[in-house]
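# Need a 3D model of the following:
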Amino acid sequence: MAVSEPGCIFCRIVTGEAPADVVHSTDQVLAFRDINPQAPVHVQVVPRRHVSNASTLGPEDGELLAELVIAAREVAGREGIAGRGYRLLFNVGEDARSTIPHLHLHVLGGRRLGWPPG
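Below you'll find the model as predicted:
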């Protein structure tokens, strides 16, 4: 998998070429506020290397997936939503309305979220 994909906005955010409100950063992942929030807290957690989406992950990506979830937990704590609850969400493909072809884990919370989503 490529470290960076030309034209990918999330790759540009990771490299600092595009602005973002960063809330968490590690060697493997970056978390930043969504520009079109769907809840009071809406943060994207992305891998620093380009991964197209969750369907392209394999057994070799277990550590990366764990890093994404750990980062999401850290974000939830810092944002004050860990105690009441939050949603973690991956979208894959057009029907799921995935618009950016770079793996991203949504962290949503800060209010009671509806079910089913969508």
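# show me what contacts residue 61?
residue 51 (CB atoms under 8 Å, 6 or more residues apart in numbering). Where you see a C-beta, it was placed from the backbone N, CA and C, and this is true even at glycine.
# one more time with 10 Å, if that's ok
Residue 61 sits next to 1, 47, 51, 54, 67, 68, 103 when contact means CB atoms under 10 Å, 6 or more residues apart in numbering.
# Helices - which of these land there?
Judged by DSSP state H, the contacts of residue 61 include 67, 68 as members of helices.
# which of the contacts of residue 61 are buried?
47, 51, 54, 67, 68, 103 (16 or more other CB atoms under 10 Å).
# Can you give me the pLDDT of the closest residue to residue 67 other than its chain neighbours?
Leaving aside its sequence neighbours, residue 67 sits nearest to residue 28 (CB to CB, 6 or more residues apart in numbering; 4.6 Å). pLDDT, residue 28: 96.
# Residue 3 is in contact with residue 28, correct?
No: counting by CB atoms under 10 Å, residue 28 stays clear of residue 3, with 11.9 Å between them.
# which residues do those two both contact?
Joint contacts of residue 28 and residue 3 (CB under 10 Å, 6+ apart) are 48, 49.
# Of those two, which one has the most company?
residue 28 (15 against 10; other CB atoms under 10 Å).
# Now that one: phi and psi?
Here is the backbone geometry of residue 28 (degrees, to the nearest 10): phi -100, psi -30.
# cool, and residue 56?
Per degrees, to the nearest 10, the backbone of residue 56 is at phi -100, psi 0.
# Ok, residue 11 next?
phi -60, psi -40.
# With residue 43 instead?
Residue torsions, per degrees, to the nearest 10, at residue 43 are phi -120, psi 140.
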